[in-house]
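Visitor: Predicted model follows, preceded by the sequence.
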Amino acid sequence: MPKVMLVFPEGKHKVLTISYDDGKGADRRLVSLFNQYGLKGTFHLNSGLMGIDDRIAIDEVTELYEGHEISAHTVTHPTIARSPKEQLIEEVMNDRKALESVTGYTVRGLSYPNGSYNQMIKELLPHLGIEYARTVHSTGTFSMPDDFLEWNPTCHHNHHLMKFAKEFISLHKQQYLYMLYVWGHSYEFDNDKNWDMIESFCKLIGGREDIWYATNIDIIDYLKAFRNLKFSAGSQFVFNPNARSVWLNVDSTIYEIKGGEQVRLN
């Protein structure tokens, strides 16, 4: 039986994903940096607060975040673990509706406002169309999560960001999948006067051939596509019923399994 392992697109074994909350005006500068260095961001927005004070107006969303992911953060940013479920449902669904009306695609992710969640909320979210939810609990590791409704990032950008970046770049063992997940709020760069740090990070980490630069939902969709592959009992061949390609490492050889194709794994 061949030894089959999932790899990221084009046979890569490392993925970088980044998410920022609240949609403040500093997102403009941050998005520009991401675009310059080829990074992908997920931006969690409160639709009911957009255009207020320093927040991005909703009519700017489509153009500003093009090429990145728009994700939910509830309408008004309540501490949802203290809210009745009726309010939670309204906060999540109305945020989705408002954001989808301008993005033109299905919003399927969330970051927990104020880092607030509990088991009941986690169980309810899939019924509201939410497929992942990010916490504020940094792990300090590069491991893939077991529970995407309790998706713990590697680090906040103010917590040894460059140290983690250098460690991530140095990782080379192909038998593992590694993820560097950075989170924060763009306005913190203004408050802390450390834009130079995030620009140095982008310059260091961007443009590397062994890293997949992905939004949160890109990762979710890719892993689900892998789980949907139809392997023969002896793993001698595989059929891909998905629309997208999935890459596999088969006895140290990289295979691209294109959508709708069946491939012999020699």
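Guide: Alright, I've got the coordinates.
Visitor: Which parts of the stretch 101-250 of the chain are helices?
Guide: With DSSP state H, counting those that start in this stretch as the definition, the stretch 101-250 of the chain shows helices at residue ranges 119-124, 161-170, 187-192, 195-205, 216-227.
Visitor: Can you say which of these is nearest to Asp146?
Guide: Proximity to Asp146, assessed across these by Cβ to Cβ, is greatest for helix 216-227 (11.6 Å). Where C-beta positions appear, they are placed from N, C-alpha and C, glycine not excepted.
Visitor: Show me which residues of that closest one are buried.
Guide: 216-223, 225-226 (16 or more other Cβ atoms under 10 Å).
Visitor: Mind putting these into CSV with distance to Lys163 and pLDDT?
Guide: Written out in CSV, the entries for those read as follows (distance: Cβ to Cβ, whole Å; pLDDT from 0 to 100):
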residue, distance to Lys163, pLDDT
Asn216, 23, 98
Ile217, 28, 98
Asp218, 25, 98
Ile219, 23, 98
Ile220, 27, 98
Asp221, 30, 98
Tyr222, 27, 98
Leu223, 27, 98
Ala225, 33, 98
Phe226, 31, 98
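Visitor: ok so, going back, switch the helices of the stretch 101-250 of the chain over to a markdown table; also include distance to Ile56.
Guide: Listed next are the helices of the stretch 101-250 of the chain as a markdown table, based on distance: least, Cβ to Cβ, whole Å:
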| stretch | distance to Ile56 |
| --- | --- |
| helix 119-124 | 26 |
| helix 161-170 | 24 |
| helix 187-192 | 11 |
| helix 195-205 | 18 |
| helix 216-227 | 19 |
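Visitor: mind checking which of those helices is nearest Pro241?
Guide: Set against Pro241 and scored by Cβ to Cβ, the helices of the stretch 101-250 of the chain come closest in helix 216-227, at 9.1 Å.
Visitor: Quick check: Thr74 is in a helix.
Guide: No. Residue state for Thr74 (DSSP: H, G, I helix; E, B strand; the rest coil) corresponds to coil; a helix is not indicated.
Visitor: ok, the closest residue in space to it that isn't next to it in sequence - how many residues close by?
Guide: When the adjacent residues along the chain are set aside, Thr74 lies closest to Glu91, with 4.1 Å between them (Cβ to Cβ, 6 or more residues apart in numbering). Other residues within reach of Glu91 by the criterion other Cβ atoms under 10 Å amount to 25.
Visitor: if I look at Glu91, how far off is Thr79?
Guide: In this structure, Glu91 and Thr79 are 11 Å apart, going by Cβ to Cβ, to the nearest Å.
Visitor: now Tyr37
Guide: Between Tyr37 and Thr79 the computed distance is 35 Å (Cβ to Cβ).
Visitor: more neighbours, these two?
Guide: A direct count of neighbours by other Cβ under 10 Å for Tyr37 and Thr79 places Tyr37 higher, at 16 against 13.
Visitor: That one - nearest residue in space that isn't next to it in sequence?
Guide: Among residues not flanking Tyr37 along the chain, Gly206 sits closest, at 3.2 Å (Cβ to Cβ, 6+ apart).
Visitor: If I look at the one you found, what pLDDT would I see?
Guide: Listed pLDDT for Gly206 reads 98.
Visitor: check contacts around it.
Guide: Taking Cβ atoms under 8 Å, 6 or more residues apart in numbering as the contact definition, Gly206 lies against 37-39, 213.
Visitor: and if you look at Tyr20?
Guide: Applying Cβ under 8 Å, 6+ apart, one finds that Tyr20 lies in contact with 27, 30, 41-44, 183-186.
Visitor: Looking at those residues, which one is closest to Cys202?
Guide: The shortest approach to Cys202 among the contacts of Tyr20 belongs to Leu30, at 9.3 Å (Cβ to Cβ).
Visitor: Look at the closest one and tell me its secondary structure.
Guide: helix.
Visitor: In contact with it, which residues?
Guide: 20, 41, 186, 189, 198.
Visitor: With Lys230 instead?
Guide: Applying Cβ under 8 Å, 6+ apart to Lys230 gives the contacts 238-241.
Visitor: Same list (the contacts of Leu30) but as TSV, adding pLDDT and distance to Leu128.
Guide: Written out in TSV, the entries for the contacts of Leu30 read as follows (pLDDT from 0 to 100; distance: Cβ to Cβ, whole Å):
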residue	pLDDT	distance to Leu128
Tyr20	98	22
Gly41	98	23
Ser186	98	26
Phe189	98	32
Ile198	98	32
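Visitor: Thank you kindly, that will do.
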